[in-house]
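**Q** Below are the sequence and a predicted model; questions follow.
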Amino acid sequence: APLALTDFRLSLLAKYLCYAIVAVGICLAWGRGGLLTLGQGVFFGLGGYAMAMHLKLADAGPGQLPDFMQLYGGTGTLPWWWKPFENPVFALAATVLLPMAVAALLGFLIFRRRVRGAYFAILSQALAVAMVILLVGQQGTTGGTNGLTDIRGFFGYDLDDPVNQRTVYFLIAGVLLLLMALARQLIRSRYGELLVAVRDSEERVRFLGYDPATVKLVAYVTAAGMAGLAGALFVPAVGIISPALIGIVPSIQFVIGAALGGRASLVGSVLGAIAVAWAQTALSEEFPAAWTYAQGLMFVLVIGFLPGGLASLAGTLRRRRSRTPRAPDAPGPPEGPPAAAPASAPRLEVTP
């Protein structure tokens with residue numbers, strides 16, 4: 001890609017690969033576990049804000065406040081919960097562990113009460129709404145509707161330099177491949193088989209001695225960690241994180257990408273996420289008001305007519321062809337009375 005694309009297009013592709021990382025987690029949680037996670041934008045935002053907070057503090061310099069706090073902060077001091085993010089190790093760990101901790105708490109409360117199906121999806125969306133309201137209402141400490149913008153450095157490297165931008169792209173692509181390998185290993189393991197069993201027949205798995213809540217919780221927390229890491233990598237790729245990127249609409253966009261490509265296929269989910277993100281960039285420029293309707297229509301069509309996504313299209317066509325009746329290759333037996341049995345054929349005799 002760096003050989004074929006301009007610097008601007010390469011930065012767009014890096015952003016799309018961040019969405020693809022989220023799709024890997026959705027493939028694990030929804031495609032294999034049946035958990036329709038419509039709140040992945042929350043975990044994406046937690047990872048993104050954790051990374052952006054450290055980078056804003058690094059850009060401001062030691063003892064200085066980020067630029068937006070100088071305008072809207074009011075107190076003139078750094079909030080206490082910002083101070084740990086001055087440490088780069090803490091910030092890197094928080095980008096993954098903070099989303100996983102929030103998912104573990106929510107998942108424990110939800111799955112222990114056996115909430116599933118549409119109710120789980122509604123709770124996921126409610127979480128996304130609450131997260132956006134919280135961020136917008138704290139303008140002095142989170143940037144409000146603007147979010148954390150104008151991020152110029154990434155651990156000492158200038159993000160305006162095209163060479164560093166290509167390095168960020170390679171970093172994101174490498175993380176995507178590693179997470180795909182990890183998810184593939186989980187899917188092919190005994191845990192992956194148990195996750196599918198919970199999706200198809202939760203009560204039978206419980207009767208066999210397993211706890212379905214724990215099985216689903218592991219998938220949910222793993223998907224949250226992947227989304228948080230994607231959000232952390234999104235910040236240096238784009239230079240911004242805001243509430244508009246983590247609300248209900250982005251969360252649904254993540255799910256649409258995985259569904260379009262094939263939610264049960266890792267490669268299909270990744271390609272679907274990239275395709276939907278590219279279509280949003282390309283089509284929203286020409287049809288800004290109609291893009292949201294087209295996005296929803298794609299989701300309805302895929303779920304209604306091709307639940308397995310584009311990855312299942314070849315298999316669906318093969319099954320339809322195998323059910324089509326075909327003419328016999330060889331002629332049938334000649335018409336007429338059946339041939340007599342040979343004289344040497346044994347006969348069954350019953351004696352008293």
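**A** Sure thing, it's come through. Residues are numbered from 1 along each chain as shown.
**Q** Am I right that Pro2 falls within a strand?
**A** No. Per DSSP: H, G, I helix; E, B strand; the rest coil, Pro2 lies outside any strand segment and is coil.
**Q** Near it, how many other residues are there?
**A** Using other CB atoms under 10 Å, Pro2 has 13 neighbouring residues. C-beta: built from backbone N, CA, C; applies to glycine.
**Q** Quick one: residues contacting it.
**A** Leu10, Arg166, Tyr169 (CB atoms under 8 Å, 6 or more residues apart in numbering).
**Q** now the helix or strand Ile172 falls within: mean pLDDT?
**A** Applying DSSP states H and E as the criterion places Ile172 in helix 162-188. The pLDDT scores in helix 162-188 average 95.
**Q** could I have the very next helix or strand once past it exported to PDB, CA atoms only?
**A** Sequence-wise, the next helix or strand downstream of helix 162-188 (DSSP H and E) is helix 190-200. The C-alpha trace of helix 190-200 is given here as PDB (Å, rounded to 0.1, in the frame of the first residue of the first chain):
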ATOM      1  CA  ARG A 190     -11.700 -26.000  22.600                       C
ATOM      2  CA  TYR A 191     -12.900 -22.700  24.000                       C
ATOM      3  CA  GLY A 192     -14.000 -21.700  20.500                       C
ATOM      4  CA  GLU A 193     -16.100 -24.900  20.200                       C
ATOM      5  CA  LEU A 194     -17.600 -24.200  23.600                       C
ATOM      6  CA  LEU A 195     -18.400 -20.600  22.600                       C
ATOM      7  CA  VAL A 196     -20.400 -21.900  19.500                       C
ATOM      8  CA  ALA A 197     -22.100 -24.400  21.700                       C
ATOM      9  CA  VAL A 198     -23.300 -21.600  24.100                       C
ATOM     10  CA  ARG A 199     -24.500 -19.700  21.100                       C
ATOM     11  CA  ASP A 200     -26.500 -22.500  19.700                       C
END
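**Q** And the nearest residue to Ile246 once chain neighbours are set aside, which helix or strand is it part of?
**A** In space, and not counting its chain neighbours, Ile246 is closest to Gly45: 3.1 Å by CB to CB, 6 or more residues apart in numbering. Here Gly45 sits within helix 40-60, counting by DSSP H and E.
**Q** Which positions within the next helix or strand after that helix qualify as buried?
**A** With elements assigned by DSSP H and E, the helix or strand that comes after helix 40-60 is helix 67-72. The neighbour-count check on helix 67-72 (16 or more other CB atoms under 10 Å) flags Phe68, Met69 as buried.
**Q** Can you name the element that comes right after helix 67-72?
**A** By DSSP H and E, the next helix or strand past helix 67-72 is helix 88-112.
**Q** next structured bit after that following helix?
**A** Per DSSP H and E, helix 88-112 leads on to helix 118-137 as the next helix or strand towards the C-terminus.
**Q** who touches the helix or strand of the chain with the lowest mean pLDDT?
**A** Among the helical and strand segments of the chain, the one scoring lowest on mean pLDDT, DSSP states H and E is helix 313-323, with a mean of 75. Contact partners of helix 313-323, identified using CB under 8 Å, 6+ apart, comprise Leu306, Gly308.
**Q** where does the stretch 1-150 of the chain have low pLDDT?
**A** Along the stretch 1-150 of the chain, the model assigns pLDDT under 70 to residues 73-75.
**Q** Torsion angles phi and psi at Phe154?
**A** phi -140, psi 90 (degrees, to the nearest 10).
**Q** Quick one: the helices in the stretch 151-300 of the chain, in order.
**A** In the stretch 151-300 of the chain, the helices defined using DSSP state H, counting those that start in this stretch lie at 162-188, 190-200, 202-207, 212-238, 248-261, 266-286, 291-305.
**Q** Mean neighbour count and distance to Leu105 for those helices - can I get that in TSV?
**A** Putting the helices of the stretch 151-300 of the chain into TSV (neighbours: other CB atoms under 10 Å; distance: least, CB to CB, whole Å) gives the following:
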stretch	mean neighbour count	distance to Leu105
helix 162-188	16	22
helix 190-200	17	20
helix 202-207	14	22
helix 212-238	25	10
helix 248-261	24	19
helix 266-286	19	26
helix 291-305	14	29
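**Q** right, and these - which one's nearest Tyr49?
**A** Smallest distance to Tyr49 across those (CB to CB): 7.7 Å, for helix 212-238.
**Q** what's the model's confidence in the closest one, averaged?
**A** pLDDT averaged over helix 212-238 gives 95.
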